[in-house]
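Student: Sequence first, predicted coordinates after that:
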There are 2 protein chains.
Amino acid sequence: MKPPKHALIICNGEMPSKKIIAPLLKNKPYIVCADGGANKARAFGITPQVIIGDLDSITQQTRKYFSSVPIIHLTDQNSTDLEKALDYLLTHKFSSATVIGATGDRPDHTMANFSILLKYHKKISLLFLDERCTVEVIQRRVTFPAVIGQQISLVPMGRCTGIVTHGLKYPLHYETLAPGVREGSSNEATSTRVSVSLKNGPLLLFKIHPTIT
Amino acid sequence: MKPPKHALIICNGEMPSKKIIAPLLKNKPYIVCADGGANKARAFGITPQVIIGDLDSITQQTRKYFSSVPIIHLTDQNSTDLEKALDYLLTHKFSSATVIGATGDRPDHTMANFSILLKYHKKISLLFLDERCTVEVIQRRVTFPAVIGQQISLVPMGRCTGIVTHGLKYPLHYETLAPGVREGSSNEATSTRVSVSLKNGPLLLFKIHPTIT
């Protein structure tokens, strides 16, 4: 059996600090820059294995700087650069990816990227990471370690039913969250082990970095 | 008939620059700070008419600085500070509000605030404004002036059906947008008059400031 393949995708949004990025590089992930993400990688002294996108955001200087890095130019306007990067990873049988630079900057881009997180999470294990938090999709049930007092947000991207939580300050007991109806943000861990399960719906889990809480 | 009452709500997220804020103050709106928004107002030299919230974010220095401003302390943990501010405006029969500081900073807070935008938009005319764009909910149909090339994003907060656009580069013709299925971000005005209509669903309209496009 081949070992699982992990990638780091760098997008064109707000980059986390070097302190957040450094641990991601330790295990030498395969690094993909989504278009303008290459400008960010360059600024952080990170060399990607490949650059993918419609190339409307990467600067001439960055292209020159990364002249030895393969560039895959895809002009399809029906998919974003992040989707192009994810499709490439799926073709090459990657099992997981951490995505940085997908949040912050323009809020419409952040929302579109959350939509892409929802679209791909069943095909590849995905985690968004930024300066403040990690973001992932909860499939049916998730149990994870937490620091007492750590802020945990549950954010519905549609109607989410039958939500049950354990280890949170404001517990949910077979309840419904939906945009425009009820959110579950700014909850708080009361245990070193938190679990969230749901019956149905697209639910995002935000774990705020304990150092921020 | 009484004149329409307009308010400016200042939240605790990322503040736009003075250049963006200055025009908002010209017509002397009624200014409400939602909890920690008061810290931001103070930093920008803006004095609110009232400060509302559970007061877990306003600093002691800001409280002292605004000692002559009425503070409404509401401890209800089932509503956020933005909701408390909006409820106050509804009670006092305001017809519209511009909200700044509701985006940026933590992405879970941004998402929760978009959910609140959806929740209140039928009761009070609401516009979010940040450094990059304005955000509003499209009810059935909206027509607005645009600059050719201005970026316009349509972001679904649930399944949105029967979307028709005019004056956009990538037109929609009775199509569906939904989180995790299809987004409508980074579209572009091709006319000085753009219209968007839909049959059903919670659809956010982002108008990127023309100076950014």
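Tutor: Cool, the structure landed. Numbering: from 1, shown residues only, chains lettered A, B, ... in the order given.
Student: C-alpha only now, for contacts and for neighbours.
Tutor: OK.
Student: which SS class is the most centrally placed residue in chain A?
Tutor: Centroid-nearest residue in chain A: residue A:128, 1.6 Å away (criterion: Cα atoms, centre = their mean). What DSSP: H, G, I helix; E, B strand; the rest coil gives for residue A:128 is strand.
Student: Residue A:134 touches residue A:151, doesn't it?
Tutor: No. Using Cα atoms under 8 Å, residue A:134 makes no contact with residue A:151, being 11.4 Å away.
Student: which neighbours do the two share?
Tutor: Shared contacts of residue A:134 and residue A:151, defined by Cα atoms under 8 Å, 6 or more residues apart in numbering or on different chains, are found at A:207-209.
Student: just the helices in chain A please.
Tutor: Per DSSP state H, chain A carries helices over the ranges A:18-25, A:37-43, A:60-65, A:81-91, A:107-120.
Student: Packing partners of the second one?
Tutor: I take that to be helix A:37-43. Contact here means 3 or more Cα pairs under 8 Å, 6 or more residues apart in numbering or on different chains; DSSP states H and E; on that basis helix A:37-43 packs against strand A:6-10, helix A:60-65.
Student: right, so these: which one is the most enclosed?
Tutor: Mean neighbour count (mean count of other Cα atoms under 10 Å in any protein chain shown) peaks for strand A:6-10 among the helices and strands packed on helix A:37-43, with a mean of 23.
Student: where's that one relative to the chain centroid, distance-wise?
Tutor: Here the centre of strand A:6-10 is set off from its chain's centre by 10 Å, with Cα atoms, centre = their mean, to the nearest Å.
Student: That one pairs with which strands?
Tutor: strand A:30-34 (parallel), strand A:96-100 (parallel) (DSSP bridges).
Student: and the helix-or-strand element of chain A with minimal mean pLDDT with helix B:107-120, angle?
Tutor: Lowest mean confidence among the helices and strands of chain A (mean pLDDT, DSSP states H and E): strand A:184-188, at a mean of 92. Between strand A:184-188 and helix B:107-120, the angle comes out at 140 degrees (axes from the mean of the first three to the mean of the last three Cα atoms, to 10 degrees).
Student: ok, and what's touching strand A:184-188?
Tutor: Counting by Cα under 8 Å, 6+ apart, residues outside strand A:184-188 touching it are A:148-156, A:168-170, A:177, B:108-109, B:112.
Student: which one of these is nearest residue B:58?
Tutor: residue B:109 (16.7 Å; Cα to Cα).
Student: quick revisit: most packed of the strands paired with strand A:6-10?
Tutor: Mean neighbour counts for these (mean count of other Cα under 10 Å) peak at strand A:30-34, with a mean of 25.
Student: Restricting to C-alpha, output that one in PDB.
Tutor: Output of strand A:30-34 as PDB, limited to C-alpha atoms (Å, rounded to 0.1, in the frame of the first residue of the first chain):
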ATOM      1  CA  TYR A  30       3.900  18.700  -1.800                       C
ATOM      2  CA  ILE A  31       3.300  22.400  -2.400                       C
ATOM      3  CA  VAL A  32       0.800  23.800  -4.900                       C
ATOM      4  CA  CYS A  33       0.400  27.500  -5.500                       C
ATOM      5  CA  ALA A  34      -3.000  28.500  -6.800                       C
END
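Student: Hey, what's the angle from it to helix A:18-25? Just curious.
Tutor: 130 degrees.
Student: outside of strand A:30-34, which residues touch it?
Tutor: Counting by Cα under 8 Å, 6+ apart, A:6-12, A:41, A:47-53, A:81-82, A:84-85 sit against strand A:30-34.
Student: which ones are touching the spatially closest residue to residue A:210 that is not a sequence neighbour?
Tutor: Using Cα to Cα, 6 or more residues apart in numbering or on different chains and skipping residues adjacent in sequence, the residue nearest residue A:210 is residue A:150, 5.2 Å away. Counting by Cα under 8 Å, 6+ apart, residue A:150 makes contact with A:188-189, A:207-210, A:213.
Student: Switch those residues over to CSV; also include neighbour count.
Tutor: Conversion of the contacts of residue A:150 to CSV gives the following (neighbours: other Cα atoms under 10 Å in any protein chain shown):
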residue, neighbour count
A:188, 23
A:189, 24
A:207, 24
A:208, 24
A:209, 18
A:210, 15
A:213, 13
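Student: Of those, which belong to strands?
Tutor: A:188, A:207-208 (DSSP state E).
Student: returning to what we had before: among the shared contacts of residue A:134 and residue A:151, which are within reach of chain B?
Tutor: Applying Cα under 8 Å from any Cα of the partner chain, the subset of these adjacent to chain B is empty.
Student: At the contact with chain B, which residues of chain A appear?
Tutor: Counting by Cα under 8 Å from any Cα, chain A sits next to chain B at A:103-109, A:111-112, A:114-120, A:132-133, A:153, A:155, A:157-159, A:179-186, A:206.
Student: if we go to 6 Å?
Tutor: Counting by Cα under 6 Å from any Cα of the partner chain, chain A comes close to chain B at A:115-116, A:118-119, A:158, A:179-180.
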